[in-house]
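Visitor: Requesting a structural model of the entry that follows:
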Amino acid sequence: MASVGYEVTSALRQFSTTELYKAKKIDAGPFVTLLLTARGYQALGKQSAMPEGAAFREGMAQRLLEDPPRDEWEEHFRGEVHALLIVAADDEPRQEQLRYRYEAMIASTGGAVRVVGVEIGYPQLNDDLNHLEHFGYVDGRSQPLALVEDIEREKNEYDGIDKWNPKIPLGQLLTNCPGGRLEVSMGSYFVFRKLEQDVKGFKTREELLAQELGNIGERAGASVVGRFENGTPVTESEFEIKVTKEGDAGIFNNFDYSGDTQGLKCPFAGHIRKTNPRSDLPGSKATLMARRGITYGKREDGLNDGRLDNKPSYGVGLLFMSYQSDLESQFEVTQRFWANNSDFVRDDTGIDPIIGNPQTVNPPPAPPDIAAQRYPTIWDSTLSEPIHFSGYVKMLGGEYFFAPSISFLRTMEPMTP
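Guide: Here you go, the predicted model:
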């Protein structure tokens with residue numbers, strides 16, 4: 001443990017190497033971090049250094065998130081998980097080398113530490129070098145920003161911050177690390193969720209939705225997600241706007257919903273509106289997390305090739321990760337009270353069609369229409385009757401972790417059997 005602590009990538013190194021890459025395209029080198037669960041702190045005999053918080057100490061499976069039962073999760077998520085080691089590199093061969101190196105280090109403990117599961121992410125980029133998730137949409141554009149440099153870049157190099165300012169205090173992401181040895185020893189609560197995507201089912205339903213709404217084409221999927229495939233916000237345009245340069249409207253983020261107060265452009269149930277309501281809910285920015293997802297599963301088809309027959313129904317998805325200073329008021333509010341809530345942000349708007357779980361409605365089970373959404377048939381004019389769109393993302397397992405300070409990790413004794 002202590003040896004890994006000396007290899008964990010510090011925030012300063014991550015920042016400086018990222019800036020170097022942006023300026024000169026020089027490889028930043030590998031990224032390494034180690035995170036612990038509450039059970040991990042207990043196994044290490046470090047209960048006094050364990051962070052507070054009922055959600056963290058209980059673990060994800062015990063929380064009221066309406067996830068599938070734990071016995072339906074993938075096998076390596078069902079048992080007790082103590083730690084998560086994340087290793088990333090710019091190319092697959094280097095990443096494989098790092099993986100085998102750390103697996104050898106773990107094996108050398110003689111069983112004191114063992115690997116219970118491995119997840120491998122593969123980034124997918126479109127022609128504009130933006131990250132895509134498996135449904136074919138630009139992912140990760142709307143991030144809260146805590147560093148002055150990032151705010152200035154958003155303001156001057158992208159599309160501005162006069163309508164939507166993504167600035168948040170650093171304290172929304174970092175919190176005190178109880179086991180740290182310095183006054184500035186900080187950590188962050190970390191959410192990990194493996195989300196399988198039924199791409200064939202989603203794209204088939206997407207086409208059917210377009211027909212149900214009056215043959216509206218790609219705007220049907222854009223209404224579900226909140227953005228067109230290249231990132232154009234549907235609240236800003238009825239049609240996808242071609243990207244001509246980085247920062248153009250295709251990855252536009254300087255918008256709110258003040259011009260769409262009835263959900264006639266972007267429905268209230270649209271995924272990006274549910275999970276970041278912006279002007280719909282004053283003060284909602286305090287709930288936002290730093291999200292860092294990566295797709296898993298390799299594909300031979302083209303993500304947006306227009307075909308249905310070659311799309312996967314399983315085996316691909318997203319490894320969702322997020323950092324925050326409070327699990328209950330950030331991740332759990334977003335998942336439980338926003339995405340899963342049919343009455344957020346307005347009554348009877350339906351659940352989030354991407355990550356919402358229709359089981360969430362107050363027991364006893366309500367009529368099926370309680371989870372349905374209403375989509376614009378005529379943009380900025382008319383809404384449909386309630387329509388069901390959900391069930392194409394399945395949670396296969398996950399856990400709550402804490403990213404401790406490096407000073408804490410370096411106090412750990414070598415692990416022996």
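Visitor: for the residue lying closest to residue 394 once chain neighbours are set aside, helix, strand, or coil?
Guide: The spatially closest residue to residue 394, leaving aside those adjacent along the chain, is residue 196, at 4.6 Å (Cβ to Cβ, 6 or more residues apart in numbering). C-beta: built from backbone N, CA, C; applies to glycine. Put simply, residue 196 is strand when judged by DSSP: H, G, I helix; E, B strand; the rest coil.
Visitor: quick one, what contacts residue 196?
Guide: Contacts for residue 196 (Cβ atoms under 8 Å, 6 or more residues apart in numbering) come out as 314, 315, 316, 317, 393, 394, 395, 396.
Visitor: right, and the fifth one touches residue 320 too?
Guide: No - using Cβ atoms under 8 Å as the test, residue 393 is too far from residue 320 to be in contact (9.9 Å).
Visitor: Between these two, point out the one with more neighbours.
Guide: residue 393 (23 against 19; other Cβ atoms under 10 Å).
Visitor: need the contact list for that one.
Guide: Contacts of residue 393 (Cβ under 8 Å, 6+ apart): 195, 196, 197, 198, 317, 354, 355.
Visitor: mind running it again at 10 Å?
Guide: 133-135, 195-198, 202, 271, 317-318, 320, 352-357 (Cβ atoms under 10 Å, 6 or more residues apart in numbering).
Visitor: repeat for residue 230
Guide: Residue 230 neighbours (Cβ under 10 Å, 6+ apart): 126-128, 130, 132, 136-138, 218, 222, 240-243, 248-251, 304.
Visitor: Distance of it relative to residue 30?
Guide: According to Cβ to Cβ, to the nearest Å, residue 230 stands 31 Å off from residue 30.
Visitor: Also residue 56?
Guide: 27 Å.
Visitor: can you pull out the helices in the stretch 1-150 of the chain?
Guide: With DSSP state H, counting those that start in this stretch as the criterion, the stretch 1-150 of the chain has helices at 2-5, 11-24, 38-43, 54-58, 75-78, 92-107, 148-156.
Visitor: chain center to the third one, what's the gap?
Guide: Using Cα atoms, centre = their mean, to the nearest Å, we find the averaged C-alpha position of helix 38-43 to lie 25 Å away from the chain's own average C-alpha position.
Visitor: again, but for the fifth one
Guide: On the basis of Cα atoms, centre = their mean, helix 75-78 sits 20 Å off its chain's mean C-alpha point.
Visitor: Tell me which residues are up against it.
Guide: 60-61, 69-72, 115-119, 192-194, 395-399.
Visitor: List the buried residues of that helix.
Guide: residue 77 (16 or more other Cβ atoms under 10 Å).
Visitor: so where's the stretch 151-300 of the chain uncertain?
Guide: Where the stretch 151-300 of the chain drops to pLDDT under 70, the residues are 245-250.
Visitor: which residues sit against stretch 406-414?
Guide: Applying Cβ under 10 Å, 6+ apart, the contact partners of stretch 406-414 are 1-11, 33-34, 36, 44-46, 49, 108-109, 112, 177-182, 184-187, 402-405.
Visitor: tell me the strands in the protein, going along the chain?
Guide: Here the chain has its strands, by DSSP state E, at 31-36, 83-88, 175-176, 186-197, 290-291, 294-296, 317-324, 376-378, 382-383, 393-403.
Visitor: what's the first one packed up against?
Guide: Strand 31-36 is packed against helix 2-5, helix 11-24, helix 38-43, strand 83-88, helix 92-107, strand 186-197, strand 393-403, helix 406-409, with contacts defined by 3 or more Cβ pairs under 10 Å, 6 or more residues apart in numbering; DSSP states H and E.
Visitor: again, only using 8 Å
Guide: helix 2-5, strand 83-88, strand 393-403 (3 or more Cβ pairs under 8 Å, 6 or more residues apart in numbering; DSSP states H and E).
Visitor: Out of these, the one nearest residue 97 is which?
Guide: Closest approach to residue 97 among the helices and strands packed on strand 31-36 is made by strand 83-88 (9.8 Å; Cβ to Cβ).
Visitor: re earlier: is the residue nearest to residue 394 in a bridge, and if so with what?
Guide: Under DSSP bridges, the beta-bridge partners of residue 196 are residue 317, residue 394.
Visitor: What about residue 259, how many residues nearby?
Guide: 12.
Visitor: I meant to write residue 351 there.
Guide: Neighbours of residue 351 (other Cβ under 10 Å): 29.
Visitor: And residue 165, by the same measure?
Guide: 15.
Visitor: do you know how far it is from residue 410?
Guide: Counting by Cβ to Cβ - residue 165 and residue 410 are separated by 37 Å.
Visitor: just residue 189 next, same as before
Guide: 21 Å.
Visitor: quick one: which of the two has more around it?
Guide: residue 189 (26 against 15).
Visitor: Tell me the pLDDT of residue 123.
Guide: Listed pLDDT for residue 123 reads 88.
Visitor: Please list all residues in contact with it.
Guide: With Cβ under 8 Å, 6+ apart, residue 123 has these contacts: 131, 294, 295.
Visitor: out of those residues, which is most surrounded?
Guide: residue 295 (22 neighbours).
Visitor: Break the chain down into its domains, please.
Guide: 2-120+173-191+399-409, 193-397 (automatic domain parsing).
Visitor: As a markdown table, these with distance to residue 159 would be great.
Guide: Shown next, in a markdown table, are these (distance: least, Cβ to Cβ, whole Å):
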| stretch | distance to residue 159 |
| --- | --- |
| domain 2-120+173-191+399-409 | 18 |
| domain 193-397 | 4 |
